[in-house]
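> with the sequence up front, the predicted model follows.
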Amino acid sequence: MIGPFSNITPFHLDILKEIGNIGAGHAATALSSLLNKGVDMKVPAVKVVAFDEITELIGGPEAIVASVFLRVNGEAPGAMFFMMPVNQAAYLVQSLMGEDDEIHDEFSEMAFSALQETGNILAGSYLSSLSDFTGMKLAPSVPATTVDMAGAVLSFGLMEISAVSDSAIVIETAFTGMNDEHGESLKGQFFLLPDPGSYRKIFHALGVSIDE
Amino acid sequence: MNDVIKDVMKIGIAGIGTVKTPQKIRTAGLGSCVGVVLFDSSRQIGGMVHIMLPDSSIAKGDNFNEGKFADTGVKLLQILLAKEGARSLAAKLAGGAQMFQFSGGGDLMRIGPRNVEAVKHELAKLGIPILSEDTGGSCGRTIEFDPMNGELQVKTATRGISVI
């Protein structure tokens, strides 16, 4: 592999995959109790992707997505996104607030707050399980929410890594909510983008060597 | 990185490219990044660079992508256009949004406005006038430039399409 990832082997990617598994697993459980319905999680994908390819993970640079973004602070800093297509986010908000109204594509301030709080809870459970697993102190920043083009949103999470690389390691986990009586299901994605210096710290914390 | 699809050249993140009439050039999903267009209207030659960061001094090593930074990207685009025969250049800008509103927020949060400032600083240094811009705010933008008439089309998720 290239650039700052030249020492990363498939074995290391597997470890990052396990991190996504543990973190998103806890987040899915949190979401499940929040919605009071079953939530399935896919096996996480860990990819080294060029910046241009990163938006393909969520439907292209112009796909309109609802995103909750937060910085991971602490010993292994990074960026975290919780993203859903707009109609899915509207459905999530509706499920949370128990409204019977038609789903709107326009989000009220209340809907944004609900989405933000959901992101907060999910990211919190993701990070606390990650923190337990690695023994590292990790804490989420206050989340921020927006509905906009995927490229515009995701590129913001690439700022730290872009100083040293044209690609990033993305730990991606997709989840699906069980169908409800209307046959609706819920889909969303987590993206964890560790900062360049954080991989070494994560591997070190887990007692895995990485060649200099 | 820059695929030529039909008559529109696509520029990716940190990408750079030049076109002549009848080809157009576009980049999608600009957030805090800035799309800089330089063009020579009399010769109908134009180019675009998708800037991510203000200053190449933070790049590690010499082997970095020049299109990524405001200082190196604008300069490189000027050189590429000169090679294509452009003489008298003018600029149009779009992007540099602040996608997320945080309370507090450090340098990283202001990256959009900082990118715009850095691009303007570089253009001033090179003596290239800015004809129009659609920068700042908090929304993503997709832009497409047509060297035939010098029009830059700006599309956003909420405001539709405008031409600057």
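Structure's in. What do you need?
> let me see the contact set for the residue nearest to A:F133 when sequence neighbours are not counted.
In space, and not counting its chain neighbours, A:F133 is closest to A:I22: 5.3 Å by Cβ to Cβ, 6 or more residues apart in numbering or on different chains. All C-beta atoms are positioned from the backbone trio N, CA, C, and that covers glycine. Residues near A:I22 by Cβ atoms under 8 Å, 6 or more residues apart in numbering or on different chains: A:129-130, A:133.
> from the residues you listed, which is closest to A:A63?
Nearest to A:A63 among the contacts of A:I22, counting by Cβ to Cβ, is A:L130 at 27.4 Å.
> now name the helix or strand holding the closest one.
helix A:109-134 (DSSP states H and E).
> where does the residue nearest to A:F133 land on pLDDT?
At A:I22, the model reports a pLDDT of 85.
> that one should be in a strand, yeah?
No. Under DSSP: H, G, I helix; E, B strand; the rest coil, A:I22 sits outside any strand and is assigned helix.
> how close does it get to A:M84?
The spacing between A:I22 and A:M84, counted by Cβ to Cβ, to the nearest Å, is 22 Å.
> which bits of chain B sit near chain A?
By the criterion of Cβ under 8 Å from any Cβ of the partner chain, the positions of chain B lying close to chain A are B:1, B:12-15, B:28-33, B:52-53, B:58-60, B:65, B:68, B:97, B:99-103, B:108, B:111, B:138-142, B:157.
> surely B:G12 meets B:T27?
Yes. Taking Cβ atoms under 8 Å as the definition, B:G12 is a contact partner of B:T27 at 7.3 Å.
> what touches both of the two?
When contacts are counted by Cβ under 8 Å, 6+ apart, B:G12 and B:T27 are jointly contacted by B:H50.
> so which of these two has more stuff around it?
Neighbours per residue, other Cβ atoms under 10 Å in any protein chain shown: of B:G12 and B:T27, the larger number sits with B:T27, 29 against 23.
> now render the contacts of A:I22 as CSV, adding neighbour count and distance to A:L115.
Formatted as CSV, the contacts of A:I22 follow (neighbours: other Cβ atoms under 10 Å in any protein chain shown; distance: Cβ to Cβ, whole Å):
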residue, neighbour count, distance to A:L115
A:S129, 21, 22
A:L130, 21, 22
A:F133, 17, 27
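> just send those residues back as JSON lines, with pLDDT too.
Shown next, in JSON lines, are these (pLDDT from 0 to 100):
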{"residue": "A:S129", "pLDDT": "86"}
{"residue": "A:L130", "pLDDT": "85"}
{"residue": "A:F133", "pLDDT": "86"}
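> excluding chain neighbours, what is closest to the residue of chain A found nearest chain B?
The minimum distance from chain A to chain B, using Cβ to the nearest Cβ, falls at A:G151 (2.0 Å). Leaving aside its sequence neighbours, A:G151 sits nearest to B:G29 (Cβ to Cβ, 6+ apart; 2.0 Å).
> can I assume that neighbour is in contact with A:E62?
Yes. With contacts counted by Cβ under 8 Å, B:G29 reaches A:E62, the gap being 5.7 Å.
> check contacts around B:S162.
Neighbour list for B:S162: B:134, B:153-154 [criterion: Cβ under 8 Å, 6+ apart].
> may I have the phi/psi pair for it?
The phi/psi pair for B:S162 (degrees, to the nearest 10) reads phi -130, psi 160.
> partner residues bridging it?
Beta-bridge partners of B:S162, counted by DSSP bridges, are B:V154.
> distance of it relative to A:L35?
Applying Cβ to Cβ to B:S162 and A:L35 gives a distance of 40 Å.
> one more: B:A118?
44 Å.
> and the two? Which one has more around it.
More crowded of B:A118 and A:L35, by other Cβ under 10 Å: B:A118, with 22 against 17.
> buried sites along the helix or strand containing that one?
Per DSSP H and E: B:A118 is located in helix B:111-126. Under the neighbour-count criterion of 16 or more other Cβ atoms under 10 Å in any protein chain shown, helix B:111-126 has B:111-120, B:122-123 buried.
> show the pLDDT at the residue most central in space within chain A.
Centroid-nearest residue in chain A, with Cα atoms, centre = their mean: A:F190, separated by 2.3 Å. Confidence at A:F190, expressed as pLDDT, is 84.
> could you pull out the helices in chain A for me?
Remark: helices assigned in chain A by DSSP state H are A:10-35, A:51-54, A:86-97, A:109-134, A:150-157, A:159-162, A:198-205.
> among those helices, which is the most enclosed?
helix A:150-157 (a mean of 28; mean count of other Cβ atoms under 10 Å in any protein chain shown).
> correct me, but A:I161 touches A:G197?
No. Judged on Cβ under 8 Å, A:I161 makes no contact with A:G197 at a distance of 10.0 Å.
> what residues are up against the closest residue to B:P129 other than its chain neighbours?
Closest residue to B:P129 in three dimensions, ignoring its sequence neighbours and counting by Cβ to Cβ, 6+ apart: B:A90, at 5.4 Å. Contacts of B:A90 were listed using Cβ under 8 Å, 6+ apart, and they are B:38-41, B:128-131, B:150.
> show me which of those residues are buried.
Listed as buried from the contacts of B:A90 are B:38-41, B:128, B:150; burial here means 16+ other Cβ under 10 Å.
> now those residues in a markdown table, with pLDDT and distance to A:S113?
Shown next, in a markdown table, are the buried ones among the contacts of B:A90 (pLDDT from 0 to 100; distance: Cβ to Cβ, whole Å):
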| residue | pLDDT | distance to A:S113 |
| --- | --- | --- |
| B:L38 | 97 | 43 |
| B:F39 | 97 | 44 |
| B:D40 | 95 | 50 |
| B:S41 | 93 | 48 |
| B:I128 | 96 | 44 |
| B:G150 | 95 | 44 |
